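Participant: only geometry, no sequence info:
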Ligand SMILES: Cc1ncc(COP(=O)(O)O)c(C=O)c1O
(Lines give C-alpha, C1' and ligand atoms only; values in the text may rest on other atoms or scores of the structure.)
Protein backbone atom coordinates (compact mmCIF):
# COMPACT_ATOMS: atom_id res chain seq x y z
CA UNK A 1 0.00 0.00 0.00
CA UNK A 2 1.42 3.42 -0.90
CA UNK A 3 1.87 5.95 1.89
CA UNK A 4 -0.53 8.90 2.24
CA UNK A 5 0.69 12.17 0.71
CA UNK A 6 2.32 14.18 3.50
CA UNK A 7 0.83 17.68 3.81
CA UNK A 8 1.72 18.47 7.42
CA UNK A 9 5.16 20.10 7.11
CA UNK A 10 4.33 22.64 9.83
CA UNK A 11 4.09 19.80 12.32
CA UNK A 12 7.43 18.36 11.37
CA UNK A 13 9.57 17.90 8.28
CA UNK A 14 11.36 14.77 7.12
CA UNK A 15 15.11 14.89 7.61
CA UNK A 16 16.73 15.79 4.29
CA UNK A 17 18.93 12.86 3.10
CA UNK A 18 21.88 15.29 2.93
CA UNK A 19 21.31 16.02 6.63
CA UNK A 20 21.19 12.33 7.55
CA UNK A 21 24.40 11.70 5.61
CA UNK A 22 26.21 14.50 7.42
CA UNK A 23 25.04 13.21 10.82
CA UNK A 24 25.88 9.52 10.43
CA UNK A 25 29.64 9.63 11.20
CA UNK A 26 28.94 11.38 14.52
CA UNK A 27 27.03 8.46 16.06
CA UNK A 28 29.89 5.98 16.17
CA UNK A 29 33.12 6.76 14.28
CA UNK A 30 33.36 10.41 15.39
CA UNK A 31 31.62 9.92 18.72
CA UNK A 32 33.77 12.27 20.79
CA UNK A 33 32.53 14.74 23.38
CA UNK A 34 33.28 18.31 22.27
CA UNK A 35 34.04 19.17 25.90
CA UNK A 36 36.94 16.65 25.96
CA UNK A 37 39.89 18.95 25.48
CA UNK A 38 42.72 16.44 25.70
CA UNK A 39 42.39 14.19 22.67
CA UNK A 40 41.59 13.98 18.98
CA UNK A 41 38.07 12.59 19.49
CA UNK A 42 37.06 15.64 21.46
CA UNK A 43 38.78 18.08 19.10
CA UNK A 44 37.03 16.61 16.07
CA UNK A 45 33.63 16.79 17.75
CA UNK A 46 34.30 20.40 18.76
CA UNK A 47 35.29 21.32 15.19
CA UNK A 48 32.04 19.79 13.90
CA UNK A 49 29.98 21.70 16.48
CA UNK A 50 31.81 24.95 15.69
CA UNK A 51 31.11 24.57 11.98
CA UNK A 52 27.44 23.76 12.57
CA UNK A 53 27.08 26.73 14.91
CA UNK A 54 28.40 28.97 12.15
CA UNK A 55 25.98 27.48 9.62
CA UNK A 56 23.01 27.97 11.94
CA UNK A 57 24.11 31.51 12.85
CA UNK A 58 24.55 32.45 9.18
CA UNK A 59 20.98 31.42 8.39
CA UNK A 60 19.52 33.83 10.97
CA UNK A 61 21.91 36.79 10.66
CA UNK A 62 23.70 36.07 13.93
CA UNK A 63 27.27 35.61 15.14
CA UNK A 64 28.12 32.03 16.09
CA UNK A 65 28.67 32.94 19.76
CA UNK A 66 25.06 34.18 19.87
CA UNK A 67 23.67 30.66 19.24
CA UNK A 68 22.92 28.42 22.25
CA UNK A 69 21.94 24.86 21.33
CA UNK A 70 18.87 23.44 23.09
CA UNK A 71 16.67 20.35 22.67
CA UNK A 72 14.21 22.27 20.51
CA UNK A 73 12.10 25.41 20.35
CA UNK A 74 10.02 24.57 23.44
CA UNK A 75 13.15 24.51 25.59
CA UNK A 76 14.51 27.68 23.96
CA UNK A 77 11.18 29.45 24.64
CA UNK A 78 11.16 28.37 28.29
CA UNK A 79 14.79 29.38 28.61
CA UNK A 80 14.14 32.83 27.16
CA UNK A 81 10.99 33.75 29.07
CA UNK A 82 11.78 32.14 32.42
CA UNK A 83 15.45 33.09 32.09
CA UNK A 84 14.57 36.75 31.50
CA UNK A 85 12.10 36.75 34.39
CA UNK A 86 14.65 35.33 36.86
CA UNK A 87 17.43 37.70 35.75
CA UNK A 88 15.16 40.79 35.57
CA UNK A 89 15.95 43.92 37.54
CA UNK A 90 13.51 44.61 40.40
CA UNK A 91 10.32 46.18 39.06
CA UNK A 92 10.57 44.69 35.56
CA UNK A 93 7.79 42.14 35.80
CA UNK A 94 5.47 42.54 32.82
CA UNK A 95 5.37 40.58 29.56
CA UNK A 96 3.36 41.39 26.42
CA UNK A 97 2.34 38.52 24.17
CA UNK A 98 -0.57 37.58 21.92
CA UNK A 99 -3.53 35.17 22.02
CA UNK A 100 -2.36 33.41 18.83
CA UNK A 101 1.08 32.35 20.09
CA UNK A 102 2.08 28.67 20.25
CA UNK A 103 1.26 26.87 23.49
CA UNK A 104 4.97 26.73 24.31
CA UNK A 105 4.81 30.51 24.80
CA UNK A 106 1.28 30.69 26.24
CA UNK A 107 1.86 27.95 28.81
CA UNK A 108 5.20 29.47 29.86
CA UNK A 109 3.49 32.85 30.28
CA UNK A 110 0.71 31.21 32.34
CA UNK A 111 3.40 29.65 34.55
CA UNK A 112 5.07 33.04 35.02
CA UNK A 113 1.72 34.65 35.85
CA UNK A 114 1.34 32.10 38.67
CA UNK A 115 4.79 33.17 39.88
CA UNK A 116 3.59 36.78 40.09
CA UNK A 117 4.45 38.32 36.73
CA UNK A 118 1.81 40.31 34.83
CA UNK A 119 1.08 39.30 31.25
CA UNK A 120 -0.86 41.34 28.66
CA UNK A 121 -2.36 39.39 25.76
CA UNK A 122 -2.84 41.28 22.48
CA UNK A 123 -5.80 40.46 20.28
CA UNK A 124 -5.70 39.96 16.50
CA UNK A 125 -8.03 40.99 13.67
CA UNK A 126 -9.81 38.49 11.43
CA UNK A 127 -6.67 38.07 9.31
CA UNK A 128 -4.62 37.21 12.39
CA UNK A 129 -2.75 40.55 12.54
CA UNK A 130 -1.89 42.42 15.74
CA UNK A 131 -2.31 46.19 16.04
CA UNK A 132 1.01 48.01 16.49
CA UNK A 133 -0.88 50.81 18.26
CA UNK A 134 -2.29 48.31 20.77
CA UNK A 135 1.19 46.88 21.22
CA UNK A 136 2.78 50.28 21.89
CA UNK A 137 -0.09 51.25 24.21
CA UNK A 138 0.50 48.07 26.25
CA UNK A 139 4.13 48.91 27.04
CA UNK A 140 4.51 50.04 30.67
CA UNK A 141 7.53 51.23 32.68
CA UNK A 142 7.68 47.72 34.22
CA UNK A 143 7.57 45.88 30.87
CA UNK A 144 10.38 43.35 30.67
CA UNK A 145 9.72 41.79 27.31
CA UNK A 146 7.54 41.60 24.21
CA UNK A 147 7.07 37.98 23.11
CA UNK A 148 5.65 37.68 19.59
CA UNK A 149 6.12 34.95 17.01
CA UNK A 150 7.49 35.53 13.50
CA UNK A 151 5.00 33.29 11.67
CA UNK A 152 2.01 31.44 13.01
CA UNK A 153 2.13 27.63 13.00
CA UNK A 154 -1.59 27.18 12.25
CA UNK A 155 -2.22 29.89 9.65
CA UNK A 156 1.27 30.91 8.47
CA UNK A 157 0.36 34.58 9.20
CA UNK A 158 3.52 36.70 9.47
CA UNK A 159 3.80 39.45 12.09
CA UNK A 160 5.48 42.79 11.21
CA UNK A 161 8.69 41.76 12.97
CA UNK A 162 10.90 44.73 12.03
CA UNK A 163 8.24 47.18 13.25
CA UNK A 164 7.83 45.26 16.50
CA UNK A 165 11.62 45.22 16.92
CA UNK A 166 11.71 48.96 16.34
CA UNK A 167 9.05 49.58 19.00
CA UNK A 168 10.88 47.33 21.48
CA UNK A 169 14.13 49.23 20.92
CA UNK A 170 12.39 52.61 21.19
CA UNK A 171 11.01 51.65 24.62
CA UNK A 172 14.13 49.72 25.81
CA UNK A 173 12.20 46.49 26.17
CA UNK A 174 13.56 43.02 25.24
CA UNK A 175 11.98 41.46 22.14
CA UNK A 176 11.73 37.67 22.25
CA UNK A 177 10.60 36.07 18.99
CA UNK A 178 9.45 32.48 18.45
CA UNK A 179 10.70 32.09 14.88
CA UNK A 180 10.19 28.31 14.72
CA UNK A 181 8.01 28.36 11.61
CA UNK A 182 9.89 31.14 9.82
CA UNK A 183 13.53 30.05 9.97
CA UNK A 184 14.51 28.13 6.84
CA UNK A 185 11.31 29.18 5.05
CA UNK A 186 11.73 32.95 4.66
CA UNK A 187 14.73 35.26 5.16
CA UNK A 188 15.30 35.81 8.89
CA UNK A 189 17.86 38.30 10.14
CA UNK A 190 17.57 38.58 13.91
CA UNK A 191 19.94 41.50 14.20
CA UNK A 192 18.32 43.63 11.47
CA UNK A 193 14.87 42.87 12.91
CA UNK A 194 15.85 44.28 16.32
CA UNK A 195 15.32 40.94 18.08
CA UNK A 196 16.91 40.39 21.49
CA UNK A 197 16.24 36.65 21.84
CA UNK A 198 14.87 34.15 19.31
CA UNK A 199 13.87 30.47 19.42
CA UNK A 200 13.85 27.99 16.55
CA UNK A 201 14.03 24.27 15.88
CA UNK A 202 15.78 21.90 13.44
CA UNK A 203 12.88 19.51 12.84
CA UNK A 204 10.80 22.25 11.20
CA UNK A 205 13.51 22.87 8.58
CA UNK A 206 14.48 19.36 7.41
CA UNK A 207 16.84 18.73 10.30
CA UNK A 208 16.53 16.13 13.08
CA UNK A 209 14.15 16.20 16.05
CA UNK A 210 15.50 16.99 19.50
CA UNK A 211 17.72 19.92 18.57
CA UNK A 212 16.98 23.64 18.46
CA UNK A 213 18.53 26.95 19.36
CA UNK A 214 18.14 30.15 21.29
CA UNK A 215 19.64 33.27 19.71
CA UNK A 216 20.85 35.84 22.23
CA UNK A 217 21.87 39.27 20.98
CA UNK A 218 25.21 39.71 22.72
CA UNK A 219 25.28 43.44 22.11
CA UNK A 220 22.06 44.04 24.02
CA UNK A 221 22.14 44.37 27.81
CA UNK A 222 18.47 43.28 27.66
CA UNK A 223 19.44 39.73 26.63
CA UNK A 224 20.62 38.77 30.12
CA UNK A 225 19.02 35.48 31.18
CA UNK A 226 19.42 33.01 34.02
CA UNK A 227 19.99 29.39 32.91
CA UNK A 228 17.28 26.74 33.35
CA UNK A 229 19.90 23.98 33.68
CA UNK A 230 22.99 24.14 35.83
CA UNK A 231 25.84 21.73 35.46
CA UNK A 232 28.96 21.67 33.35
CA UNK A 233 28.90 25.30 32.12
CA UNK A 234 28.35 24.24 28.52
CA UNK A 235 27.07 26.86 26.09
CA UNK A 236 28.60 29.79 28.02
CA UNK A 237 27.04 28.42 31.21
CA UNK A 238 23.55 28.98 29.82
CA UNK A 239 22.68 25.39 28.90
CA UNK A 240 24.62 22.71 30.70
CA UNK A 241 24.73 19.13 29.47
CA UNK A 242 26.84 17.21 26.94
CA UNK A 243 26.10 18.51 23.47
CA UNK A 244 24.02 16.46 21.03
CA UNK A 245 26.74 16.36 18.38
CA UNK A 246 24.92 14.38 15.64
CA UNK A 247 21.84 16.60 16.13
CA UNK A 248 23.91 19.78 16.00
CA UNK A 249 25.75 18.63 12.85
CA UNK A 250 22.38 17.82 11.25
CA UNK A 251 20.99 21.22 12.28
CA UNK A 252 24.00 22.94 10.69
CA UNK A 253 23.60 20.97 7.48
CA UNK A 254 19.86 21.67 7.39
CA UNK A 255 20.62 25.39 7.80
CA UNK A 256 23.13 25.29 4.95
CA UNK A 257 20.65 23.60 2.60
CA UNK A 258 17.81 25.98 3.56
CA UNK A 259 20.01 29.01 2.91
CA UNK A 260 20.66 27.72 -0.60
CA UNK A 261 17.24 26.41 -1.52
CA UNK A 262 14.54 28.33 0.31
CA UNK A 263 14.04 31.00 -2.37
CA UNK A 264 13.40 28.41 -5.10
CA UNK A 265 11.20 26.34 -2.80
CA UNK A 266 9.09 29.39 -2.05
CA UNK A 267 8.37 29.99 -5.75
CA UNK A 268 7.08 26.46 -6.34
CA UNK A 269 5.15 26.09 -3.12
CA UNK A 270 3.29 29.39 -3.36
CA UNK A 271 2.10 28.43 -6.87
CA UNK A 272 0.89 25.00 -5.86
CA UNK A 273 -0.70 26.27 -2.65
CA UNK A 274 -2.60 28.97 -4.56
CA UNK A 275 -3.79 26.49 -7.21
CA UNK A 276 -5.00 24.17 -4.48
CA UNK A 277 -6.96 26.94 -2.77
CA UNK A 278 -8.54 28.15 -6.02
CA UNK A 279 -9.57 24.60 -6.98
CA UNK A 280 -11.13 23.96 -3.56
CA UNK A 281 -12.93 27.31 -3.53
CA UNK A 282 -14.29 26.62 -7.03
CA UNK A 283 -15.50 23.13 -6.14
CA UNK A 284 -16.98 23.85 -2.72
CA UNK A 285 -19.07 26.98 -2.22
CA UNK A 286 -18.43 29.05 0.95
CA UNK A 287 -14.88 27.74 1.31
CA UNK A 288 -12.73 30.39 3.01
CA UNK A 289 -9.03 30.79 3.73
CA UNK A 290 -8.32 31.74 7.36
CA UNK A 291 -5.72 34.51 7.50
CA UNK A 292 -4.94 34.95 3.84
CA UNK A 293 -3.29 38.38 3.80
CA UNK A 294 0.40 38.06 4.63
CA UNK A 295 1.52 34.51 5.26
CA UNK A 296 4.09 31.81 4.61
CA UNK A 297 3.95 30.53 1.04
CA UNK A 298 3.47 26.85 1.90
CA UNK A 299 0.60 27.12 4.40
CA UNK A 300 -3.15 27.13 3.89
CA UNK A 301 -5.60 27.16 6.77
CA UNK A 302 -8.91 26.68 5.06
CA UNK A 303 -12.47 26.17 6.23
CA UNK A 304 -15.35 24.37 4.60
CA UNK A 305 -19.02 24.73 5.43
CA UNK A 306 -20.71 22.10 7.57
CA UNK A 307 -17.85 19.67 7.96
CA UNK A 308 -16.12 18.32 11.01
CA UNK A 309 -12.41 18.42 10.23
CA UNK A 310 -11.54 15.57 12.57
CA UNK A 311 -13.96 13.18 10.85
CA UNK A 312 -12.97 14.42 7.39
CA UNK A 313 -9.24 13.92 7.99
CA UNK A 314 -9.83 10.49 9.46
CA UNK A 315 -11.86 9.46 6.41
CA UNK A 316 -9.05 10.69 4.11
CA UNK A 317 -6.17 9.32 6.16
CA UNK A 318 -5.46 6.47 3.78
CA UNK A 319 -4.58 8.99 1.05
CA UNK A 320 -3.69 12.29 2.74
CA UNK A 321 -1.81 13.29 5.91
CA UNK A 322 -3.37 16.62 6.88
CA UNK A 323 -3.98 18.29 10.19
CA UNK A 324 -6.55 20.31 12.08
CA UNK A 325 -3.99 22.85 13.22
CA UNK A 326 -1.32 22.36 15.77
CA UNK A 327 -0.38 18.75 16.56
CA UNK A 328 -2.84 17.47 19.14
CA UNK A 329 -1.43 17.05 22.62
CA UNK A 330 -4.55 15.79 24.33
CA UNK A 331 -7.57 13.68 23.56
CA UNK A 332 -9.91 16.54 24.22
CA UNK A 333 -11.20 18.16 21.07
CA UNK A 334 -11.10 21.90 21.53
CA UNK A 335 -11.50 24.56 18.84
CA UNK A 336 -8.19 26.11 17.80
CA UNK A 337 -7.28 29.03 20.09
CA UNK A 338 -5.69 30.75 17.07
CA UNK A 339 -8.83 30.60 14.93
CA UNK A 340 -11.03 31.60 17.89
CA UNK A 341 -8.80 34.64 18.48
CA UNK A 342 -9.35 35.56 14.80
CA UNK A 343 -13.08 35.71 15.49
CA UNK A 344 -14.21 32.33 14.14
CA UNK A 345 -17.09 30.53 15.83
CA UNK A 346 -16.65 27.00 17.20
CA UNK A 347 -18.28 25.39 14.14
CA UNK A 348 -16.02 27.36 11.77
CA UNK A 349 -12.93 26.42 13.76
CA UNK A 350 -13.94 22.74 13.84
CA UNK A 351 -14.54 22.94 10.08
CA UNK A 352 -10.99 24.19 9.33
CA UNK A 353 -7.96 22.20 8.22
CA UNK A 354 -4.29 23.10 7.82
CA UNK A 355 -2.46 22.14 4.64
CA UNK A 356 1.28 22.68 4.79
CA UNK A 357 3.44 21.81 1.81
CA UNK A 358 7.20 21.41 1.78
CA UNK A 359 10.45 20.49 0.08
CA UNK A 360 9.38 16.98 -0.94
CA UNK A 361 5.89 17.88 -2.15
CA UNK A 362 5.50 17.12 -5.86
CA UNK A 363 3.44 19.07 -8.35
CA UNK A 364 1.84 15.84 -9.66
CA UNK A 365 0.44 15.14 -6.20
CA UNK A 366 -1.69 18.27 -6.26
CA UNK A 367 -4.31 16.77 -8.60
CA UNK A 368 -4.86 13.82 -6.28
CA UNK A 369 -5.01 16.11 -3.25
CA UNK A 370 -7.69 18.25 -4.90
CA UNK A 371 -9.65 15.20 -6.04
CA UNK A 372 -9.59 13.39 -2.69
CA UNK A 373 -10.28 16.48 -0.61
CA UNK A 374 -13.15 17.65 -2.80
CA UNK A 375 -14.78 14.21 -2.83
CA UNK A 376 -14.28 13.85 0.93
CA UNK A 377 -15.80 17.25 1.72
CA UNK A 378 -18.76 16.79 -0.61
CA UNK A 379 -19.52 13.39 0.89
CA UNK A 380 -19.82 15.09 4.30
CA UNK A 381 -22.10 17.84 3.05
CA UNK A 382 -25.70 17.27 4.24
CA UNK A 383 -27.09 18.22 0.79
CA UNK A 384 -25.06 15.55 -0.93
C1 LIG B 1 5.53 28.24 16.44
C2 LIG B 1 6.08 27.08 17.20
N3 LIG B 1 6.74 27.30 18.35
C4 LIG B 1 7.27 26.30 19.07
C5 LIG B 1 7.14 24.99 18.68
C6 LIG B 1 7.76 23.88 19.50
O7 LIG B 1 8.88 23.38 18.83
P8 LIG B 1 9.69 22.06 19.30
O9 LIG B 1 8.90 20.91 18.76
O10 LIG B 1 11.03 22.18 18.66
O11 LIG B 1 9.77 22.10 20.77
C12 LIG B 1 6.44 24.70 17.50
C13 LIG B 1 6.22 23.29 17.08
O14 LIG B 1 5.12 22.89 16.78
C15 LIG B 1 5.91 25.78 16.74
O16 LIG B 1 5.24 25.56 15.61
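Facilitator: Yes, it's here. Here the structure is a predicted model, which means the values were calculated and not measured. Residues are numbered from 1 along each chain as shown.

Participant: ok, now which ones touch the residue nearest to residue 353 when sequence neighbours are not counted?
Facilitator: Spatial nearest neighbour of residue 353, chain neighbours left out: residue 309 (4.9 Å); criterion: CB to CB, 6 or more residues apart in numbering. All C-beta atoms are positioned from the backbone trio N, CA, C, and that covers glycine. Contact partners of residue 309, counting by CB atoms under 8 Å, 6 or more residues apart in numbering, are 324, 350, 351, 352, 353.

Participant: same thing with residue 241?
Facilitator: Counting by CB under 8 Å, 6+ apart, residue 241 has contacts 229, 231, 232, 234.

Participant: among the residues you listed, which one has the lowest pLDDT?
Facilitator: Lowest in pLDDT among the contacts of residue 241 is residue 232, which has 77.

Participant: List the residues that contact it.
Facilitator: 35, 240, 241, 242.

Participant: So which bits of this structure are right by the ligand?
Facilitator: 72, 73, 74, 102, 104, 149, 153, 178, 180, 181, 201, 212 (CB under 6 Å from any ligand atom).

Participant: wait, doesn't the third one sit right on residue 104?
Facilitator: Yes - Residue 74 is within contact range of residue 104, at 4.5 Å (criterion: CB atoms under 8 Å).

Participant: what domains does the record give for this structure?
Facilitator: Listed by automatic domain parsing, the domain ranges of the chain are 5-12+262-380, 17-256.

Participant: distance between the ends of the shortest one?
Facilitator: To tie it back to what came earlier, the one meant is domain 5-12+262-380. Counting by CA to CA, to the nearest Å, you get 21 Å between the two ends of domain 5-12+262-380.

Participant: just the contacts of residue 309 now: which is nearest the ligand?
Facilitator: Taking CB to the nearest ligand atom as the measure, the ligand sits nearest to residue 324 out of the contacts of residue 309, at 13.4 Å.

Participant: which SS state does the residue nearest to the spatial centre of the chain fall under?
Facilitator: Residue closest to the mean C-alpha point of the chain, counted by CA atoms, centre = their mean, is residue 180 at 2.4 Å. Under DSSP: H, G, I helix; E, B strand; the rest coil, the three-state class of residue 180 is coil.

Participant: residues contacting the nearest residue to it once chain neighbours are set aside?
Facilitator: Leaving aside its sequence neighbours, residue 180 sits nearest to residue 73 (CB to CB, 6+ apart; 4.3 Å). In this structure, residue 73 makes contact with 104, 178, 180, 199, 200, 201, 204, 212, judged by CB under 8 Å, 6+ apart.

Participant: taking those residues one by one, which sit in helices?
Facilitator: Using DSSP state H, residue 104 are the members of the contacts of residue 73 that sit in helices.

Participant: Got a quick PyMOL command for the buried subset of the contacts of residue 73?
Facilitator: In PyMOL, this line selects whichever of the contacts of residue 73 come out buried by 16 or more other CB atoms under 10 Å:
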select buried, resi 104+178+180+199+200+201+204+212
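
Participant: Of the contacts of residue 73, which is the nearest to residue 94?
Facilitator: Nearest to residue 94 among the contacts of residue 73: residue 178, at 18.6 Å, using CB to CB.

Participant: per-residue pLDDT, the closest one?
Facilitator: Confidence at residue 178, expressed as pLDDT, is 98.

Participant: Next: residue 209.
Facilitator: Residue 209 carries a pLDDT value of 98.

Participant: tally of neighbours for it?
Facilitator: 16 (other CB atoms under 10 Å).

Participant: was I right about it contacting residue 74?
Facilitator: No - using CB under 8 Å as the test, residue 209 is too far from residue 74 to be in contact (11.6 Å).

Participant: Could you name every residue contacting both of those two?
Facilitator: Residues touching both residue 209 and residue 74 (CB under 8 Å, 6+ apart): there are none.

Participant: Okay, helices next: where are they in the stretch 251-384 of the chain?
Facilitator: Per DSSP state H, counting those that start in this stretch, the stretch 251-384 of the chain carries helices over the ranges 309-316, 337-341, 346-350, 365-380.

Participant: Quick one: end-to-end distance for stretch 302-314.
Facilitator: Start to finish, the residues bounding stretch 302-314 are 17 Å apart (CA to CA).

Participant: Tell me the gap between that stretch and the middle of its chain.
Facilitator: Offset of stretch 302-314 from its chain centre (CA atoms, centre = their mean, to the nearest Å): 24 Å.

Participant: So which bits of it are buried?
Facilitator: Under the neighbour-count criterion of 16+ other CB under 10 Å, stretch 302-314 has 302, 303, 304, 305, 307, 309, 312, 313 buried.

Participant: Could you do stretch 260-271 as well?
Facilitator: For stretch 260-271, a neighbour-count test (16+ other CB under 10 Å) marks 262, 265, 266, 268, 269 as buried.

Participant: Kindly report the same for stretch 211-222.
Facilitator: Within stretch 211-222, the residues that count as buried by 16+ other CB under 10 Å are 211, 212, 213, 214, 215, 216, 217, 220, 222.

Participant: can you put the buried residues of stretch 260-271 in TSV and add pLDDT and distance to residue 375?
Facilitator: Below are the buried residues of stretch 260-271 laid out as TSV (pLDDT from 0 to 100; distance: CB to CB, whole Å):
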residue	pLDDT	distance to residue 375
262	96	33
265	93	29
266	93	30
268	93	25
269	96	24
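
Participant: before we move on, the earlier item: please identify the most buried of the helices of the stretch 251-384 of the chain.
Facilitator: Ranked by average neighbour count under the criterion mean count of other CB atoms under 10 Å, these are headed by helix 337-341 at a mean of 22.

Participant: Just list what that one packs against, helices and strands only.
Facilitator: Packed against helix 337-341 by the contact rule (3 or more CB pairs under 8 Å, 6 or more residues apart in numbering; DSSP states H and E) you find helix 346-350.
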